[in-house]
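# Here is my input, please return the structure:
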Amino acid sequence: MRQTRREFLSTTVAGISFSLSSFGAVLPALSDPTGFDAREALNGIAADGAVLGRVDGIAKVTGAKLYASDFRAADMPGWPPNTSHALLVRTPSASRIYEGIAFDQLDAAEKPAVIVTAEDIAKAQIRTPPFYEGDLFCPAGTTPLYLGQPVALLLFETFDSYDRARLAFRDRSLLLFGAETGPLQKPNYAQLRFTRVAGEAGGRDIYSPLQEGWISPSTEDSSGRPIWEPKAGTDDGDYSKGAKLGQEIRTALAAPEPQWLVLDRSFQTQSVDPMFLEPESGLAWYEPGTKVLDILTGVQSPYEAAGAIAFLLGKATPAFKPQRVETRFAYVGGGFGGRDHTPFPLYVALAAMFLPGRPVRLAHDRFQQFQGGIKRHAFQMRSQIALDRTSGKILAFAGDHVLDGGGLANYSGSVAVVGATAAIGIYDIPKVDVTTVAVHTRGVPAGSMRGYGTLQTMTALETLIDEAAGALKMDPIGLRRSNLLKTGQRSMTGNPWTVSVRTAEILDRLEANPIWRDRGTHKPPAPGVLVGTGVACCTKDYGTGADCSLGRVELAPDGAVTIHADAVEMGNGIGTALARRVGTILGRPAATVSVARIDSFEELGLVTSGDPYAMTQAEQDAAAKNPRWVPEISSATTASMGAHVGTQAAAQAARIIFRFGLWPAALALWGIPQGDPRAFLFEEAFWQGEELILSGLPPLAQTDVAAKAHEMGGVTGAIAHAFSRWAWAQAAFPLGGLNWAADIDALSVRRGKGAFELLDRSFVFFPPTDYNRIGTSFTSSCGTVVRVEIDRSSGAVRIAQAYSVFECGEVLVPELVEGQAQGGFAMGVGYALLEDLPPFEEGPGNGQWNLGDYLVARASDLPIGRLQIEVLPPVSPKEPPKGMAEVVMIPIVPALLNAIFDATGHRFRSLPVTPGMLKEVMA
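So this is what the prediction gives:
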């Protein structure tokens, strides 16, 4: 594999240096260009010293400028005061030749000052970053690659002209099209097969992806779809062995033993929009004199966005190649995955480059966000399952998934993998064969979204399990309990989950809940109303196999704590989670928390190379000899990884400050010499409020201990980087005369009030590259039971009562955890009953969709005051936080479908289930 070297911050990409910083609350002194860091940092402590609920709470409720859409040029210190505006024009057709724009139909007040097209991009030698492979703009004379593909970027010097043009392009047919060509045909984004055949109980598998590697067929039919069946008499390399075993499973399902119950069902899920509250927005200014591009936007993946912009312009002609890109990242007004690796920042950068000297704002309205924003993949699934008729044990499972990836690859291949490897959910199944293919279509591109493929495949699975329970006349919870995957048993990729497994406890809670326990006694509230109860239990992985965390923690002489982290705030409360996790270690809530920061870690001097998902073990071993090398520097933030990944480096940094700063200071204050056995009891000490307690000794005020740590020159600041590939990298560093090991791979420390000192690791262990075969190792579980009431005359569904129970290890902020569960419930209701985006020309790609057409869950659709949330306590006080923000949504959907079946006797196998569909089956 070709190795490319990527340095952190001080680096260049194709000759362009770039830096990254966050942009948060802006206070009144906007004219002070030196106060940027002070203005963006958020404080979780009130003036009277009281600890606030959320560190960003005051800023939000007082209307401080936090989000990218809040800003104009006049808000930016040192920028020209007037804001120009950009309009991204997108095509509503992807089956005819695009011929241009009828600018002659615009009046003078509607015409742009600058028009940017594919021809201009080519002349400027601007490149598309590899992740976004495809034309940035559809060239005239060609068929668009997909609906909603940009065809031009129009730049306006005044808002009035921009606004007139925006309405003109929405209301009039200004794009010109020629001959009908039909949609373009492109290769599949991914096609993979996952087959596992278990060995003897507890023994080595006969075959699994973990042992044998991931496989894909090499042959396709005339339509471009993969041919999954191995050809007789041929050897298709590594694929043949797994495919032959997979076909044996399918042959057995097609001709089952008499004792087997086999269900063969199809299920379809729809495309939906993430529907975050803040449409995508950005502001940029290119100053040709200094050749600096300054850009502000909001994304879930800041480091990737900055690198993509540098690549975009790195080989451009001199007029379009900045020497430096200064990137600032605002709070994100909702993400749900839709702002992870979004191409939107590329167009913000282009707007500034083609209107040099003038700050330019590119901001989607809701019509534009529907037309151009990333969507959830629509799935078509076929599932076959075999169970023993007497015991109810699941004997075999086969699945076939087809995902609509739309017109750009984005994360389609990854979503296909995660959906496929989650296809057997919480169950132990000895024989499994799942195929998945992500296809290119002319639809709006699909990518990352909350649930990430598992929402689709586990909805199909949990309704199938419920149907099997009915066919076998078994209790639905009892059937689930008898088939649970337990600690140490292997998932369908052949690996065990390496965290606590709590599904049995969750099923116990569901079974005991009155909604389920008393389901036979629920009476219709009125004539003509049907009542039904449904249950579901799901699991969701958290982590990607290349997760990173950057954290900087500093302790002042008065005990004040400051935190900088690269995790992004997108409504998930990551700043508050950081403050709580670090506060429990250092004895005091953080006075300042700054998130989306990637400009605060230069002291680590990190470099990286290669692809963390594809590199060989030999490549990793060779690279790791460089003490500055890590497999990846920074990764995207997702809500399910906030507590687990986003707080990891800061927590490890805080522990080092405690162990080598506060603890020696405490020993000195207690008068305990280093040789005293009590000197080694640092793990026994704990904080009560802001006092350090060790049994048998007087409590010490945190302020006194911090002051002593500074006086003694102890560690008072630490900067750390952490990397996880289904296990945390571990390294040892020279600290306090020890080789101190921690779950990090890079460290810099400050002693007293001195400068930060970079420490070389004396040892490092990066998780083996073979772990990339695992698919899922970290997982959380959630179960839901719901009772619905369905009106026969209208088909309206009312959720009368609901209960969700889940586990997430250490709970950092209980209010945020409950809020994520409530939000997940609402999203599940919307997905099951309301939200739907038709494919192709009738869907959002036509540019005419808004909330008048697209239904999302409102308060009237939800069981306000009738939803009970329960969080299981951690299995141990030392259990770390686990990801929960996605899993709390997933069982809502199948539980509702199972409840609807219980009420109507009809099983729906496509989403959403609308009142019209219900009226038809109840007629």
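
# Which residue is the nearest non-sequential neighbour of residue 656?
Distances taken as C-beta to C-beta, 6 or more residues apart in numbering place residue 718 nearest to residue 656, at 4.6 Å, with adjacent residues excluded. C-beta: built from backbone N, CA, C; applies to glycine.

# which strands and helices sit next to the helix or strand encompassing that neighbour?
For residue 718, the enclosing helix or strand under DSSP states H and E is strand 715-724. Strand 715-724 sits against strand 547-555, helix 648-657, helix 702-712, strand 746-751, with contacts defined as 3 or more C-beta pairs under 8 Å, 6 or more residues apart in numbering; DSSP states H and E.

# Relative to residue 132, which of these is closest?
Nearest to residue 132 among those is strand 547-555; the distance by C-beta to C-beta comes to 21.3 Å.

# next one: that closest one to chain centre, how far?
Put simply, strand 547-555 sits 19 Å off its chain's centre (C-alpha atoms, centre = their mean, to the nearest Å).

# So which residues make contact with stretch 502-521?
Residues external to stretch 502-521 that are found in contact with it (C-beta atoms under 8 Å, 6 or more residues apart in numbering): 426, 477, 480-481, 484-486, 533, 535, 537, 539, 781-787, 801-803, 805-807, 868, 870, 872, 875, 902.

# before we move on, back to that, does the residue nearest to residue 656 have any beta-bridge partners, and if so which?
Residue 718 forms beta bridges with residue 553, residue 749, as assigned by DSSP bridges.

# buried set for stretch 659-678?
Buried residues in stretch 659-678, counted by 16 or more other C-beta atoms under 10 Å: 659-670, 672, 678.

# typo on my end, stretch 245-255
Buried-residue list, stretch 245-255, by 16+ other C-beta under 10 Å: 245-247, 249, 252-253.

# Which parts of the stretch 551-700 of the chain are strands?
With DSSP state E, counting those that start in this stretch as the criterion, the stretch 551-700 of the chain has strands at 561-565, 592-594, 607-609, 686-688, 691-693, 700-701.

# And the strands in the stretch 801-923 of the chain?
867-872.

# what about the residue nearest to residue 656, neighbour count?
If you count neighbours by other C-beta atoms under 10 Å, residue 718 ends up with 30.

# quick one: it and residue 607, what's the gap?
20 Å (C-beta to C-beta, to the nearest Å).

# repeat for residue 400
According to C-beta to C-beta, residue 400 stands 43 Å off from residue 607.

# With residue 545 instead?
Taking C-beta to C-beta as the measure, residue 545 falls 20 Å from residue 607.

# ok so, going back, could you identify the buried members of the contacts of stretch 502-521?
Among those, those buried by neighbour count (16+ other C-beta under 10 Å) are 426, 477, 480-481, 484-485, 533, 535, 537, 539, 781-787, 801-803, 805-807, 870, 872, 902.

# can I assume residue 867 is in contact with residue 804?
Yes: the pair residue 867 and residue 804 qualifies as a contact (C-beta atoms under 8 Å) at a distance of 7.4 Å.

# Neighbours of the residue found closest to residue 623 once you drop the neighbours it is linked to in the chain, how many?
The shortest distance from residue 623 to any non-neighbouring residue, by C-beta to C-beta, 6+ apart, is to residue 629 (4.8 Å). Close neighbours of residue 629, defined as other C-beta under 10 Å, add up to 20.

# ok, now which ones touch residue 629?
Residues in contact with residue 629, defined by C-beta under 8 Å, 6+ apart, are 606-609, 623.

# ranges for the helices of the stretch 101-250 of the chain?
118-123, 159-171, 209-212, 238-254 (DSSP state H, counting those that start in this stretch).

# Mind listing what's buried along the second one?
Put plainly, it is helix 159-171. Quick answer for helix 159-171 (16+ other C-beta under 10 Å): 161-162, 164-166, 168-169.
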